[in-house]
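Participant: What would the 3D arrangement of this be:
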Amino acid sequence: MRKLDKFARLLVLLPILGALIFTANSARAVTAQELLSQIERINQTPNICGLIVQLPLPPHLDAQKVLNAIDPRIDV
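Facilitator: Have a look, this model is predicted:
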């Protein structure tokens, strides 16, 4: 089974389990401040119980700074 097929099945199953997926990506280069602001908004959003940042990040972003910005309560 292709990876995409497995991912598509997971996306179908997650709402049944009560999970919501929000994917943020950008066709343009996101600035460090934009990304950190988005993480801060997620940190303050009620009912968010997990946040995953997919690495590696583009070279212009400091991965450690981004990861440190995630509230430990929701860091997956």
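Participant: only C-alpha atoms for contact and neighbour calcs from this point on.
Facilitator: Will do.
Participant: Okay, Pro58 and Leu51: tell me how far apart.
Facilitator: 18 Å (Cα to Cα, to the nearest Å).
Participant: Between the two, which has more neighbouring residues?
Facilitator: Here Pro58 and Leu51 are set side by side on neighbour count (other Cα atoms under 10 Å), and the busier one is Leu51, at 19 against 10.
Participant: Could you verify my assumption that that one touches Pro72?
Facilitator: No. In this structure, Leu51 sits apart from Pro72 without contact. The criterion is Cα atoms under 8 Å, and the distance is 9.6 Å.
Participant: residues in contact with the helix or strand hosting Glu40?
Facilitator: Secondary structure here is read from DSSP states H and E; on that basis Glu40 sits in helix 32-43. Counting by Cα atoms under 8 Å, 6 or more residues apart in numbering, the neighbours of helix 32-43 from elsewhere in the structure are 48, 60-62, 66, 69-71, 74.
Participant: Using CSV, list the CA coordinates for the following helix or strand past that helix.
Facilitator: Beyond helix 32-43 on the C-terminal side, the first helix or strand identified by DSSP H and E is helix 63-68. The C-alpha atoms that make up helix 63-68 are tabulated as CSV, following Å, rounded to 0.1, in the frame of the first residue of the first chain:
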residue,chain,number,x,y,z
ALA,A,63,14.4,24.8,14.2
GLN,A,64,15.4,24.9,17.8
LYS,A,65,13.7,28.3,18.3
VAL,A,66,10.6,27.1,16.6
LEU,A,67,10.5,23.9,18.7
ASN,A,68,11.1,25.8,21.9
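Participant: got the contact list for helix 63-68?
Facilitator: Residues outside helix 63-68 that contact it (Cα under 8 Å, 6+ apart): 35-36, 53, 55-57.
Participant: Would you mark the buried spots in that helix?
Facilitator: In terms of neighbour count (16 or more other Cα atoms under 10 Å), helix 63-68 has its buried residues at 63, 66-67.
Participant: Nice, that's everything, thank you.
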